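Engineer: just the structure for this:
(chains A and B)
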2 protein chains.
Amino acid sequence: MKTKIILLFLCSTLVVGANAQNNDSLMLRKIYDEALTNGQSYKNLEYLCKSIGGRLAGSPEAAKSVDFVKATMDKMGLDSVYLQPCMVPHWVRGAKEVGEIVDVNTSKHTSVSICALGGSISTVPEGITAKVVEVHSFDELAKLGRKFIEGRIVFYNRPMDPKHIETFKAYGGAVDQRYSGAMQAAKYGAVGVIVRSMTLTKDDYPHTGSMGYVDSLIKIPACAISTNGADYLSLAMQMSSGTKFFMKINSTTLADEPSFNVVGEIKGSEKPEKIIVVGGHLDSWDNGEGAHDDGAGVVQSIEVLRILKALNYKPKYTIRAVAFMNEENGLRGGKKYAELAKQNNETHIAAIESDAGGFSPRGMSMDCTLKQKQKVKQWQKLFLPYGVYDFDKNGGGADIGPLKEQGVALFELLPDSQRYFDLHHTANDTFDKINKRELELGGATLASFIYLICVNAL
Amino acid sequence: MKTKIILLFLCSTLVVGANAQNNDSLMLRKIYDEALTNGQSYKNLEYLCKSIGGRLAGSPEAAKSVDFVKATMDKMGLDSVYLQPCMVPHWVRGAKEVGEIVDVNTSKHTSVSICALGGSISTVPEGITAKVVEVHSFDELAKLGRKFIEGRIVFYNRPMDPKHIETFKAYGGAVDQRYSGAMQAAKYGAVGVIVRSMTLTKDDYPHTGSMGYVDSLIKIPACAISTNGADYLSLAMQMSSGTKFFMKINSTTLADEPSFNVVGEIKGSEKPEKIIVVGGHLDSWDNGEGAHDDGAGVVQSIEVLRILKALNYKPKYTIRAVAFMNEENGLRGGKKYAELAKQNNETHIAAIESDAGGFSPRGMSMDCTLKQKQKVKQWQKLFLPYGVYDFDKNGGGADIGPLKEQGVALFELLPDSQRYFDLHHTANDTFDKINKRELELGGATLASFIYLICVNAL
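Structural biologist: So this is what the prediction gives:
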């Protein structure tokens, strides 16, 4: 008798389990169908890119994009839409940035594509000309020392390693040159810095990006050079010991500006005090349209709320979409969000970011407990029909990073990464590089992931 | 003692197994590294696309591409490079194809983007004008019957279904309209056919592609209309019952032309009589550059041989790369290849095709025995570090299809399919749509797959 009961219990548990899995599978199908047939993310991104354009923190375009995202959310019939004020840095690139290879023997000037790194000081108005020292690491720089560096322009020319399959790893292996290059070179008396663009492709686009200074050292101007330009400069230096470089940049750092994160919410039906947040960053570099970085993440996050509402799904927990401000050169929005969450005693179950481009989704990276990871991995079979298979990578995202110390489980959408660094931080990160379906599949993946957290907990 | 021996035997088997797996893993790493650091496929594809361009069978460009591939292979130090002659159809698109929506009430002509389907007869030189009947299926056409069809132009306007995640399935669900539309409409006395382009995107590019006629029915001209054009035509018909369509196409079918498959081989070191073939098709439609369809597959197949030679790998079996001719409108090359294989008593262990675009590889589809499928699935863990995970789909490829009746195991590279039908058979299938790394990852995946067949058999 007892055995029978146990068997019956086991059977019914299995049936309930199978039904739950089946319901989840049906719901995911509905979510992806909704995204692919009625998706609004592509249209919203077109507006952000083509009607507003590049949206660097503190700029008029960033302010316009805040208005646009708020207005878009206001029209969606959400339970709550609001702004989170935060002060942001305000760096402005000057017009007419010039980079030229100068052969002092022939007086020939050859123009190459450069742009100031974000945050760089200006050169003197007439520009600077100096001999160039090419290095591939900070060790090499230190070995050369003040004797060979003083009065010169340091040219960091270590390429990203193409052998990495995940291009973000290749980026991680080279970006120290961009972020710390000026600080390191200033130690030895350099007068300027040129950094090979952070990309795996060969072209004429310089890639900007954030850089740092320390107060204890003199600040020197720093620019990125396109990969074609970098190869040409390196060759010119091999051919002629008289090679100098002329650089003129005229950027300014103004006083901090008030700006905002934009937040939209669907209130939880059972446990509204528990929050799942999904977001991307609304600011972008000034030189492109911020299409993949990270307009895509913003419109996908808004799309999550639209999909859940369109399917008339009432989530148990509160679902919050956030367009974060100032990820690129300060992370003030991300920090402010975490600060307010703490101050208001909010409980976040999970934070999910999309900031790796609007390409075909392949998985979700995780920064959470082993138990949570194991739970999420069980969802893989539900995602496989949608080409989403990779739940083995570690990592959250920059904007949600400050929530980590509050013990929040962090996740980031993993799109195909091959094309990302072709466009990243360049004038080429434009709307035409977006594929509508890839963008929509990413939004559907985020919505599905949030749905699964709601019904299965973490 | 016996137990000890058995244990020792088991242990050594396990060690050998683990070592083999480890060797395979190291070899795959070398293959992908070689592809990503010294790859030649991108450069070769640039030549095919930019110096030659569209390569429809029978055209001077197709002949030039045969010369180019042969010359490229000749320079590689292969064991054998040769041509396989075959006769191919020779259809030529005329200049100045015109499609116009005509409102007979206002006499207004509105131009829309059309192009003749491949193989279509010409209209009369001055073009035809007729009332339009819009249908979404052959059933609907049959229900309307001769009474409503005779003397009219049939407009097939069933879109590809965006809910399919694999876009090839969406294509499969709509392409009957293009291939059989003219035959079906001719049954009821139609004078021409317009087919909604086979794509999931909305734009102004008409998508050509092959169509058929039967000798028992009158041949009527058929064109593709862009999706924007199709939506506009459909709306115009709803707005005005006096809507007609003017179409003028002036294509010609000339006598068959001699052409070639191009074949390059590395002879097997142990079993040269056993062959693994990998290929793509060299011909393309005339309106674009045949970049993704299927210049990509050709240069990836050549790259397989280059990689194996660069790594000084001596395959046990003969590895053969083939640039097939005339996949698009006849499959004469693929049929000739299989015919010659049979005639020469060749033994093919496996045939692998790349004809789904040069995008990021995700897996390999299979058309082989269950036992072979199970064997291949065991290789998944070796491919996972390269983002190649999907060994669950069925399917070989068109050019290798005729080998099936000889019992050959067939495989096809599965790239990400989201962007493919944006470009397929249009003027937009150009070299700039290729990402170098994605192309190279595909070639490395093919080389790795062939290596694994060599060392593990099938």
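
Engineer: next one, pLDDT for the residue in the stretch 151-300 of chain A that chain B sits nearest to please.
Structural biologist: Nearest residue of the stretch 151-300 of chain A to chain B, counting by C-beta to the nearest C-beta: A:Pro162, 4.6 Å away. All C-beta spots, glycine's among them, are computed from the backbone N, C-alpha and C. Confidence at A:Pro162, expressed as pLDDT, is 98.

Engineer: what of A:Val154?
Structural biologist: Here, the pLDDT recorded for A:Val154 equals 98.

Engineer: residues near the closest residue in space to it that isn't next to it in sequence, how many?
Structural biologist: Once flanking residues are discounted, A:Val154 sits nearest to A:Ala185: 4.0 Å by C-beta to C-beta, 6 or more residues apart in numbering or on different chains. By other C-beta atoms under 10 Å in any protein chain shown, the residues close to A:Ala185 number 27.

Engineer: so A:Ala185 versus A:Tyr156, what's the distance?
Structural biologist: 8 Å (C-beta to C-beta, to the nearest Å).

Engineer: do A:Ser251 as well
Structural biologist: Distance, A:Ser251 to A:Tyr156, using C-beta to C-beta: 19 Å.

Engineer: comparing those two, which residue is more hemmed in?
Structural biologist: More neighbours surround A:Tyr156 than the other of A:Ser251 and A:Tyr156, with 29 against 20 (other C-beta under 10 Å).

Engineer: quick one on the thing from earlier: roughly how far apart are the residue of the stretch 151-300 of chain A closest to chain B and B:Asn105?
Structural biologist: Separation of A:Pro162 from B:Asn105 (C-beta to C-beta) stands at 62 Å.

Engineer: compare those two (neighbour count), which wins?
Structural biologist: A:Pro162 (19 against 10).

Engineer: the residue in the stretch 1-150 of chain A positioned nearest to chain B: neighbour count?
Structural biologist: In the stretch 1-150 of chain A, the residue that lies nearest chain B is A:Leu36 (4.6 Å; C-beta to the nearest C-beta). Counted with other C-beta under 10 Å, the neighbours of A:Leu36 add up to 20.

Engineer: not counting its neighbours along the chain, what's nearest it?
Structural biologist: B:Pro162 (4.6 Å).

Engineer: state the mean pLDDT of the host helix or strand of A:Val277.
Structural biologist: Using DSSP states H and E, A:Val277 sits within strand A:271-281. Confidence over strand A:271-281 (mean pLDDT, whole number) is 98.

Engineer: tell me which other helices or strands the very next helix or strand once past that strand touches.
Structural biologist: Downstream of strand A:271-281, the first helix or strand assigned by DSSP H and E is helix A:296-310. In terms of contacts (3 or more C-beta pairs under 8 Å, 6 or more residues apart in numbering or on different chains; DSSP states H and E), helix A:296-310 is packed against helix A:2-38, helix A:41-46, helix A:60-74, strand A:252-266, strand A:271-281, strand A:317-324, helix A:436-456.

Engineer: next one: the second one to chain centre, how far?
Structural biologist: Averaging C-alpha coordinates over helix A:41-46 and over its chain gives two centres that are 18 Å apart (C-alpha atoms, centre = their mean, to the nearest Å).
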